[in-house]
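J.: Sequence first, predicted coordinates after that:
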Amino acid sequence: MEDSFRPSPWTRSPHLQTIFGSLGLRVWGPNEMTDASREVIVDAGDGVRLLGYHARQAGTPRGLVVILHGWEGSAGSTYVLSTGRYLYRMGFEVFRLNLRDHGRSHHLNSGLFHGALLEETARAVDRATQCLPGRPSYLIGFSLGGNFALRIALRQSREPIATLRRVFAISPALDPYKATLAIDSGPALYRRYFLAKWKRSLRTKERLFPDLYRFDGVLRHRTCLSMTEAIMAYYPDFSSYRDYFNHYTLTGDALAPVAMPVTIFTSQDDPVVPVEDFRRLPKNPHLEVSIQPYGGHCGFLQPFPWGSWYERVIGRILEKELS
């Protein structure tokens, strides 16, 4: 793996790394990937449809990369556009997949998104890889998308995606309960940011399906945890918000069965995802965990604010695998 992430001293602030990691300034300039992208409605089974964007290569592609965004992000999030552009320029086709109710996809399904919707996401990733049959595919997930990516890696041993060769997770949320508490107790900027996006998403869902949803009571809440507890009334499969979080928690020995190459990037100063759970992950020859002193949440920008350390590392790993 490339030398550790070494940002300039003035760019080491985790908040600077986190905030600029999502600013549009980072992807200023031409983006051949978005120019080549076409919208795809993916059949995720059981009547579920997810929205994605597939960028084909004009020549012979080296493989296909599927990218999953974080909570309340989308296929158009800055970190997704940046990583997709970088790998597209390396010769890979790129498929940017929206999770349910993310991006402009609320109308596609009547049911609400939640973090335990693994099966539909895995089936959609499988369908996305079939856009380039016979070539290797790779999965990259950010934050909550990183959690999904890790669960898909676990799922490979029982329901494999035929061409999937490796999974990367950037700042994955291993424990969604702890991440929710970190958002609520950290700088108010993060709490306001996530609440505003989540509430806007719920209002969109309510407007599209007025016979199913009335979120007035939920929208009055001012913390992510209290909103999560309030919205459990719409999720009868879970007995409580703690039961809900437990369905996609990946701490302890949860990743011990991973049997395919997985690389995790995280930082000690992440303001959203606590680092201690990464230090307790089980020893596994298939699991590589890179814990950096700096980087914030999905940041790792160097040279700041355009360069991305994890993009370069991922690129080198893929170059080595394909050489």
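T.: It's in.

J.: Pull the number of nearby residues for Ser8.
T.: By other Cβ atoms under 10 Å, the residues close to Ser8 number 10. C-beta coordinates here come from the backbone N, C-alpha and C atoms, glycine included.

J.: Give the closest residue to it in space, chain neighbours not counted.
T.: Phe304 (6.5 Å; Cβ to Cβ, 6 or more residues apart in numbering).

J.: That neighbour: how many residues sit nearby?
T.: For Phe304, the number of neighbouring residues by other Cβ under 10 Å comes to 16.

J.: From Ser22, how far off is it?
T.: Distance, Phe304 to Ser22, by Cβ to Cβ, to the nearest Å: 14 Å.

J.: Spell out the secondary structure type for the residue nearest to Ser8.
T.: Under the three-state scheme (DSSP: H, G, I helix; E, B strand; the rest coil), Phe304 adopts coil.

J.: so what's it up against?
T.: By Cβ atoms under 8 Å, 6 or more residues apart in numbering, the residues touching Phe304 are 7-8, 11, 16, 20.

J.: Mind doing that once more with 10 Å?
T.: Phe304 makes contact with 7-8, 10-12, 16-17, 20, 26, according to Cβ atoms under 10 Å, 6 or more residues apart in numbering.

J.: Narrow those to those in helices?
T.: In this view, the contacts of Phe304 that belong to helices under DSSP state H are 16-17, 20.

J.: what about Val42, which helix or strand?
T.: Assessed by DSSP states H and E, Val42 sits inside strand 37-43.

J.: same question but for Met227, I mixed them up
T.: Using DSSP H and E, Met227 maps to helix 224-231.

J.: Next, the buried residues of that helix.
T.: 224-225, 227-231 (16 or more other Cβ atoms under 10 Å).

J.: so what does it touch, helix or strand wise?
T.: helix 176-185, helix 188-208, helix 216-219, helix 241-246 (3 or more Cβ pairs under 10 Å, 6 or more residues apart in numbering; DSSP states H and E).

J.: nearest to Glu119, of those helices?
T.: Glu119 sits nearest to helix 241-246 of all the helices and strands packed on helix 224-231, at 15.9 Å, using Cβ to Cβ.

J.: Past that closest one, which element shows up next along the chain?
T.: Moving toward the C-terminus from helix 241-246, the next helix or strand (DSSP H and E) is strand 262-267.

J.: Show residues contacting the next helix or strand after that next one.
T.: As assigned by DSSP H and E, the chain's next helix or strand after strand 262-267 is helix 276-279. Here helix 276-279 makes contact (Cβ under 10 Å, 6+ apart) with 172-175, 178-179, 249-252, 254, 264-268, 270, 289-291.

J.: The following helix or strand past the strand holding Val42 - contacts with which helices or strands?
T.: Taking DSSP H and E as the definition, the helix or strand that follows strand 37-43 towards the C-terminus is strand 49-55. Taking 3+ Cβ pairs under 10 Å, 6+ apart as the contact definition, the neighbouring helices and strands of strand 49-55 are helix 32-36, strand 37-43, strand 64-68, helix 78-89, strand 93-97, helix 118-129.

J.: The last one vs strand 49-55, what angle?
T.: Calculated by axes from the mean of the first three to the mean of the last three Cα atoms, to 10 degrees, helix 118-129 forms an angle of 30 degrees with strand 49-55.

J.: Could you do the second one as well?
T.: With the same axes, to 10 degrees applied, the angle from strand 37-43 to strand 49-55 works out at 150 degrees.

J.: Describe which strands strand 37-43 pairs with in its sheet and in which direction.
T.: Partners of strand 37-43 in the sheet, by DSSP bridges, are strand 49-55 (antiparallel).

J.: quick check: mean pLDDT across the strand it pairs with?
T.: For strand 49-55, mean pLDDT rounds to 98.

J.: buried sites along it?
T.: Going by neighbour count (16+ other Cβ under 10 Å), the buried part of strand 49-55 is 49-55.

J.: Tell me how many other residues crowd Ser4.
T.: 12.

J.: give me every residue that touches it.
T.: Ser4 makes contacts with 290-295, 309, as judged by Cβ under 10 Å, 6+ apart.

J.: Mind doing that once more with 8 Å?
T.: Ser4 neighbours (Cβ under 8 Å, 6+ apart): 292-293.

J.: so how far is Arg312 from it?
T.: 12 Å.

J.: again, but for Arg123
T.: Counting by Cβ to Cβ, the gap from Arg123 to Arg312 is 31 Å.

J.: between the two, who's got more neighbours?
T.: Per other Cβ under 10 Å, whichever of Arg123 and Arg312 has more neighbours is Arg123, with 19 against 14.

J.: re earlier: shared neighbours of Phe304 and Ser22, which are they?
T.: Contact with both Phe304 and Ser22 is made by no residue, according to Cβ under 8 Å, 6+ apart.

J.: sorry, back to before: who wins for neighbours among the ones in helices among the contacts of Phe304?
T.: When neighbours are counted by other Cβ under 10 Å, Gln17 leads the ones in helices among the contacts of Phe304 with 27 neighbours.
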